[in-house]
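Let me see the structure of the following:
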Amino acid sequence: MNTFGHLFRITTWGESHGGAVGVVVDGCPPQIDIDIDVIQYELYRRRPGQSHLTTPRKEEDVVEILSGVFEGKSLGTPISMLVWNKDARPSAYEHLKNLYRPSHADFTYQQKYGIRNWQGGGRASARETIGRVAAGAIAKQILRVRCETETLAYVKQIHTFQATVDADRVTHDEIEASPVRCPDPIVSPKMAERIDQARRDQDSLGGIIESVCRNVPVGLGEPVFDKLKADLAKGMMSLPATMGFQIGSGFDGITMTGSEHNDAFYNESGQIRTRTNNSGGTQGGISNGENIVFQIAFKPTATIGKPQQTVDIDGNEVTLEASGRHDPCVLIRAPAIVEAMAALVLTDHLLRHHAKS
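Take a look at the predicted model:
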């Protein structure tokens with residue numbers, strides 16, 4: 001499936017080195033102010049070639065809105081957006097067409113479909129996320145208008161370097177001020193140097209993205225299969241290179257007793273709040289009004305320059321020395337993607353919640 005969501009649905013399309021990539025958004029309410037500059041800004045945060053710490057592929061990723069928006073407002077009809085691939089180099093992957101790259105989707109796609117696009121990974125490439133970010137920018141605008149909800153994401157850890165960040169207070173400007181989008185001014189330069197070292201070593205690094213969603217209305221999410229945390233987990237784990245998801249206390253919660261872990265309620269001027277937030281903003285799969293805080297683990301970039309053992313499509317063992325343009329660490333460009341997916345999930349559940357009333 002290439003479609004995500006129920007009432008607010010997106011369908012992404014396109015391949016990494018094809019003519020273009022894009023998205024169709026269905027279910028956007030009418031008369032929402034759609035600021036194309038906001039969409040473009042989010043795509044700039046995701047685009048390649050931002051610095052020597054990212055892939056050198058040069059793409060401006062200029063978005064075009066083909067339908068669904070008139071005079072700056074949504075029509076309530078499908079919104080179609082595309083971004084042309086300007087710096088595609090499919091011929092650069094010719095030598096890989098008969099090889100299975102380690103930890104890529106080459107082998108599994110070939111086994112599943114009997115055919116694959118070997119030019120940069122096709123649909124398995126992170127370039128597919130352009131459509132998610134563009135659609136997520138629209139979702140962000142809906143959330144801002146309807147409930148002043150904000151989604152933020154930042155680099156929490158790269159390799160062994162872990163940042164200290166107050167999720168309740170961190171700001172967008174603090175995140176963007178860092179070349180690695182880590183708002184910890186002490187750890188951020190250490191992360192940058194470690195990434196640059198991996199680049200020089202023709203290797204790669206992984207890490208953790210943390211996200212916080214603020215001003216989320218109480219009541220979003222369904223009690224059983226479509227729990228809010230379950231849909232957030234699905235959305236995040238559908239992103240390329242993701243290896244794990246945890247919300248609230250996550251795995252650390254197992255070291256606590258029930259009396260330590262339970263979030264006690266109190267009345268703050270007529271508003272029911274919790275004194276702690278080990279639940280991560282949801283209880284019983286439904287938002288409780290506290291900040292939703294979660295983390296996603298990203299693996300090291302699969303494409304590296306070091307020699308690796310693999311096999312070709314006939315099963316012959318070969319040595320692969322990959323070349324080309326790739327990120328030594330995908331986390332620098334990931335915050336915009338994580339924020340977009342969070343906004344898509346929250347917007348879909350917001351519309352579902354309103355449909356019940």
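
which stretches of the stretch 151-300 of the chain form helices?
172-176, 188-200, 228-237, 258-261 (DSSP state H, counting those that start in this stretch).

just these: most buried one?
Highest mean neighbour count of the helices of the stretch 151-300 of the chain: helix 228-237, a mean of 22 (counted as mean count of other CB atoms under 10 Å). (Glycine included, C-beta is placed from N, CA and C.)

which strands and helices sit next to that one?
strand 242-247, strand 292-298, helix 334-355 (3 or more CB pairs under 8 Å, 6 or more residues apart in numbering; DSSP states H and E).

Poorly predicted segments of the stretch 201-350 of the chain, please.
By pLDDT under 70, the low-scoring segments of the stretch 201-350 of the chain are 322-325.

cutoff 80 now
321-325 (pLDDT under 80).

thinking again about what came up before, okay, the helices and strands packed on helix 228-237 in a markdown table with distance to residue 85 and mean neighbour count next?
Formatted as a markdown table, the helices and strands packed on helix 228-237 follow (distance: least, CB to CB, whole Å; neighbours: other CB atoms under 10 Å):
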| stretch | distance to residue 85 | mean neighbour count |
| --- | --- | --- |
| strand 242-247 | 24 | 18 |
| strand 292-298 | 23 | 24 |
| helix 334-355 | 18 | 24 |
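
can you list these in a markdown table and add distance to residue 170?
Putting the helices and strands packed on helix 228-237 into a markdown table (distance: least, CB to CB, whole Å) gives the following:
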| stretch | distance to residue 170 |
| --- | --- |
| strand 242-247 | 17 |
| strand 292-298 | 11 |
| helix 334-355 | 11 |
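
so which of the ones you listed gets nearest residue 129?
helix 334-355 (4.9 Å; CB to CB).

now that closest one against strand 292-298, angle please.
140 degrees (axes from the mean of the first three to the mean of the last three CA atoms, to 10 degrees).

before we move on, back to that, can you tell me which of the helices and strands packed on helix 228-237 comes nearest to residue 43?
Here helix 334-355 is closest among the helices and strands packed on helix 228-237 (CB to CB), at 7.8 Å.

Which strands or helices does the closest one pack on?
helix 36-46, helix 129-147, strand 150-158, strand 207-214, helix 228-237, strand 292-298.

Specify the angle between it and strand 150-158 in degrees.
Compare the direction of helix 334-355 with that of strand 150-158 by the same axes, to 10 degrees and you get 140 degrees.

And helix 334-355, how far out from the chain middle?
From the chain centre to the centre of helix 334-355 is a distance of 11 Å (CA atoms, centre = their mean, to the nearest Å).

contacting residues around stretch 36-45?
61-63, 65, 81, 83, 130, 133-134, 136-138, 140-141, 176, 333, 335-336, 339-340 (CB atoms under 8 Å, 6 or more residues apart in numbering).

In it, which residues are buried?
Neighbour counts over stretch 36-45 (16 or more other CB atoms under 10 Å) mark 39-40, 42-43, 45 as buried.

gap between that stretch and the chain center?
Distance of stretch 36-45 from its chain centroid, counting by CA atoms, centre = their mean, is 15 Å.

just stretch 203-217 next, same as before
Distance of stretch 203-217 from its chain centroid, counting by CA atoms, centre = their mean, is 8 Å.

Please export the alpha-carbon coordinates of that stretch; PDB is fine.
Output of stretch 203-217 as PDB, limited to C-alpha atoms (Å, rounded to 0.1, in the frame of the first residue of the first chain):
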ATOM      1  CA  ASP A 203      31.300   4.700   6.900                       C
ATOM      2  CA  SER A 204      28.000   5.800   8.400                       C
ATOM      3  CA  LEU A 205      26.200   6.400  11.700                       C
ATOM      4  CA  GLY A 206      22.800   5.900  13.300                       C
ATOM      5  CA  GLY A 207      21.000   7.600  16.200                       C
ATOM      6  CA  ILE A 208      17.800   8.600  17.800                       C
ATOM      7  CA  ILE A 209      15.200  11.300  16.900                       C
ATOM      8  CA  GLU A 210      13.000  12.600  19.700                       C
ATOM      9  CA  SER A 211       9.700  14.300  18.900                       C
ATOM     10  CA  VAL A 212       7.300  16.300  21.000                       C
ATOM     11  CA  CYS A 213       3.700  17.200  20.100                       C
ATOM     12  CA  ARG A 214       2.200  20.100  22.100                       C
ATOM     13  CA  ASN A 215      -1.300  21.300  22.600                       C
ATOM     14  CA  VAL A 216      -2.800  18.000  21.500                       C
ATOM     15  CA  PRO A 217      -6.500  17.900  22.300                       C
END
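
buried sites along it?
204-214, 216-217.

Surely residue 179 and residue 53 touch.
Yes: using CB atoms under 8 Å, residue 179 makes contact with residue 53 at a distance of 6.6 Å.

Identify the contacts common to those two.
The contact sets of residue 179 and residue 53 overlap at 192, 332 (CB under 8 Å, 6+ apart).

and residue 171, what does it touch?
Applying CB under 8 Å, 6+ apart to residue 171 gives the contacts 152, 183.

Just send the buried residues of stretch 36-45 back as a markdown table, with pLDDT too.
Below are these laid out as a markdown table (pLDDT from 0 to 100):
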| residue | pLDDT |
| --- | --- |
| 39 | 98 |
| 40 | 97 |
| 42 | 97 |
| 43 | 96 |
| 45 | 95 |
